[in-house]
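Undergrad: curious how this folds, go ahead:
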Amino acid sequence: MKMTSVPQALTSLQLQHKFHFKQRDIIREKHRRAESYKKYLEQREKEAQKKAQAAKELKELRDAEEQLQKNLASNAERDSEVESEPDEEENETNSDDETDQGRSNEKSVIHDGEPDSLLQFLNKDGRRDKFSSSVHAATKAPKNAEEKMEELKTSNHQLQDHVSSLLQELEKTKHELHSVKSENKQLRRTVDILTTQIERYVAEDRKRAGQDLSVSIRPAFSTSDSFDEQISPPSEIPPLAPLEIPDFDFDSFK
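TA: Residues are numbered from 1 along each chain as shown. Purely as a prediction, here's the structure:
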């Protein structure tokens, strides 16, 4: 500002000075906002990590509590089974020979017989002995004849449904195969017809092209005399007019 005294120049310099200071303040404000936003994001990330860690610890505690409850339930069940062991042993010693024989027959039928014969056997055996004898403690109680028969009926129904679905799929596949074969046969027939038509068209085009070529060649090379007459020079030259020399005044060029 000291280097000039022009009012317009001084005003321009003052305005530029104010503008630069204003831009500096704007840049500082943007930098401050960016730093605060960055800190806010870091704080949110830390809170999210803390929540995830707390949820993980809570899940581990719940799993441990469930496992502890399962262990307590299994221990209580084991204690009750141990208490009921003498009664079960007494019932086991009092089982009669007929039940043992029926059980052995039942095992042989289970291993060797078909499901239908097993159902018949269980149906007969269920009339004589509805409940099987107890087994040793800490093992599952054997199922009675009615439960086994119901399970076998359910399995039989499931197998029948599965076989029915497989048969339906087989019929559907056969139908699709038949339709594909018929389509393939129709396509082959169409291809044969198109091939025959193309061959006929090609033969006709070749025949037509051969006729056109013979017609175009025959007039040009029909006889050798006409060809010789066209290229042979004439026998007599017609008389030409005498040359005339123009008159020039050569003295004017000297």
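Undergrad: all contacts plus neighbour counts: C-alpha atoms, from now on.
TA: Noted.
Undergrad: helices of the stretch 1-150 of the chain, residue ranges please.
TA: 7-83, 85-93, 97-112, 115-128, 145-217 (DSSP state H, counting those that start in this stretch).
Undergrad: winner for burial among those helices?
TA: helix 115-128 (a mean of 16; mean count of other CA atoms under 10 Å).
Undergrad: and Leu240, which of the helices of the stretch 1-150 of the chain is closest to it?
TA: Shortest distance between Leu240 and the helices of the stretch 1-150 of the chain, using CA to CA, is found for helix 145-217: 39.6 Å.
Undergrad: let me have the helices of the stretch 1-150 of the chain in CSV, extended by mean pLDDT.
TA: As requested, the helices of the stretch 1-150 of the chain are exported to CSV (pLDDT from 0 to 100):
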stretch, mean pLDDT
helix 7-83, 85
helix 85-93, 53
helix 97-112, 51
helix 115-128, 50
helix 145-217, 82
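Undergrad: redo the ones you listed as TSV? Include distance to Ala241.
TA: Formatted as TSV, the helices of the stretch 1-150 of the chain follow (distance: least, CA to CA, whole Å):
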stretch	distance to Ala241
helix 7-83	98
helix 85-93	155
helix 97-112	135
helix 115-128	132
helix 145-217	43
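Undergrad: and those helices: which comes nearest Pro242?
TA: Among the helices of the stretch 1-150 of the chain, helix 145-217 sits nearest to Pro242 (CA to CA), with 45.7 Å.
Undergrad: what helices or strands is that closest one leaning on?
TA: helix 115-128 (3 or more CA pairs under 8 Å, 6 or more residues apart in numbering; DSSP states H and E).
Undergrad: before we move on, back to that, for Asp251, find the nearest of the helices of the stretch 1-150 of the chain.
TA: Of the helices of the stretch 1-150 of the chain, nearest to Asp251 by CA to CA is helix 145-217, at 66.9 Å.
Undergrad: show me the protein divided up by domain.
TA: 12-83, 98-174 (automatic domain parsing).
Undergrad: and His175, how far is that from Ser182?
TA: Using CA to CA, to the nearest Å, one gets 11 Å for the distance from His175 to Ser182.
Undergrad: do Ile193 as well
TA: Counting by CA to CA - Ile193 and Ser182 are separated by 17 Å.
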